[in-house]
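Peer 1: No sequence on hand, only this structure:
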Ligand SMILES: Nc1ncnc2c1ncn2[C@@H]1O[C@H](COP(=O)(O)OP(=O)(O)O)[C@@H](O)[C@H]1O
Ligand SMILES: [Mg+2]
């Protein structure tokens, strides 16, 4: 009896069951990491903000300035770990920037080897083998990173994308690289696959949904364009115009607002705020302003703004 078809069907079933279990595990880890990171992020905003204020009020040359500085550095490091967890759990959309790629491939080839980076336009169908997430059929842009290094066994492969999973010595690996990749790619509606065996090198494939042909206006601002979902999320956020002449305090309040998902337009004076309103394209939902400032006072500013934008909500901030 020819059992080829049945065996193939069983194989496919097992594959999709593994995929499901893997994705449930990652969802659970993501929820936990996200919840912890969200609270820590808020706490760290306060810790770092107040260390900065403390440092400022002590002034240069104060004997404990160095101590406060160390405190601040540790706080910044904690905040950056927290940000990676927020990206993994897709609570934060990462900012785009240039990076020298490929640190994992380098680490996997301590005695040398070859690194290949390829890009391609591809079309994926639902049955795409090895994909980490169920594939939405369509056009994708693919980035492939191939190294000829030490490779990975099945055990490592099954933990690869978990935050804090690392096989590297302390101080060398954080285990947050691939979990960040996971969050970014999943958040962008893309897909990932890994092919690797012990001593056989590794192939990572990242597929990101292709954009349809850009319109003329999109082409102009191509450099700043971010992924679609981020735009949509941004459009729903409320915007606060924050006016505060003291840089540290303004930054602290801005960070706190950002961490609560508000858009923030910052201005260091009443005049700057008036100019910001002229150039800001979207709606301003709230004016949050210091009362006592050099030049235009908060009250004067709000009166001028209300004359232009009747119904604008205003909150005055008073520092002690
Ligand atoms: N190209 C690769 N070749 C072999 N192992 C890899 C490769 N990329 C990742 N790994 C394994 O996955 C683990 C997690 O990677 P990552 O999330 O980037 O964290 P880190 O690099 O800080 O350890 C690594 O410690 C390593 O064991
Ligand atoms: Mg890494």
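Peer 2: Good, I have the coordinates. These figures come from a predicted structure and were not determined experimentally. Residues are numbered from 1 along each chain as shown. Ligands and ions are numbered 1, 2, ... in the order given.
Peer 1: can you give me the strands in this structure?
Peer 2: 115-124, 138-147, 191-196, 202-209, 239-243, 263-267, 286-290, 313-317 (DSSP state E).
Peer 1: Adding mean neighbour count, distance to residue 78 and mean pLDDT, write these out as CSV.
Peer 2: C-beta: built from backbone N, CA, C; applies to glycine. Output for the strands of the chain, formatted as CSV (neighbours: other Cβ atoms under 10 Å; distance: least, Cβ to Cβ, whole Å; pLDDT from 0 to 100):
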stretch, mean neighbour count, distance to residue 78, mean pLDDT
strand 115-124, 12, 32, 94
strand 138-147, 17, 29, 95
strand 191-196, 19, 28, 93
strand 202-209, 20, 28, 95
strand 239-243, 23, 25, 94
strand 263-267, 19, 22, 90
strand 286-290, 22, 27, 95
strand 313-317, 13, 27, 94
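Peer 1: Turn those into CSV, including distance to residue 39.
Peer 2: Output for the strands of the chain, formatted as CSV (distance: least, Cβ to Cβ, whole Å):
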stretch, distance to residue 39
strand 115-124, 37
strand 138-147, 34
strand 191-196, 28
strand 202-209, 30
strand 239-243, 22
strand 263-267, 21
strand 286-290, 23
strand 313-317, 24
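Peer 1: quick one: which of these is nearest residue 3?
Peer 2: strand 191-196 (26.9 Å; Cβ to Cβ).
Peer 1: Check residue 234 and give its pLDDT.
Peer 2: pLDDT for residue 234: 45.
Peer 1: let me redo that: residue 24
Peer 2: Reported pLDDT for residue 24: 86.
Peer 1: Number of residues surrounding it?
Peer 2: When neighbours are counted by other Cβ atoms under 10 Å, residue 24 registers 10.
Peer 1: measure it to ligand 1 for me?
Peer 2: 20 Å (Cβ to the nearest ligand atom, to the nearest Å).
Peer 1: Quick one: the strands of the chain as TSV, columns for distance to ligand 1 too.
Peer 2: Listed next are those as TSV, based on distance: least, Cβ to the nearest ligand atom, whole Å:
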stretch	distance to ligand 1
strand 115-124	9
strand 138-147	5
strand 191-196	6
strand 202-209	4
strand 239-243	35
strand 263-267	31
strand 286-290	39
strand 313-317	41
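Peer 1: Report the contact partners of the residue lying closest to residue 244 once chain neighbours are set aside.
Peer 2: Spatial nearest neighbour of residue 244, chain neighbours left out: residue 250 (3.8 Å); criterion: Cβ to Cβ, 6 or more residues apart in numbering. Residues in contact with residue 250 (Cβ atoms under 8 Å, 6 or more residues apart in numbering) are 242, 244, 266, 268.
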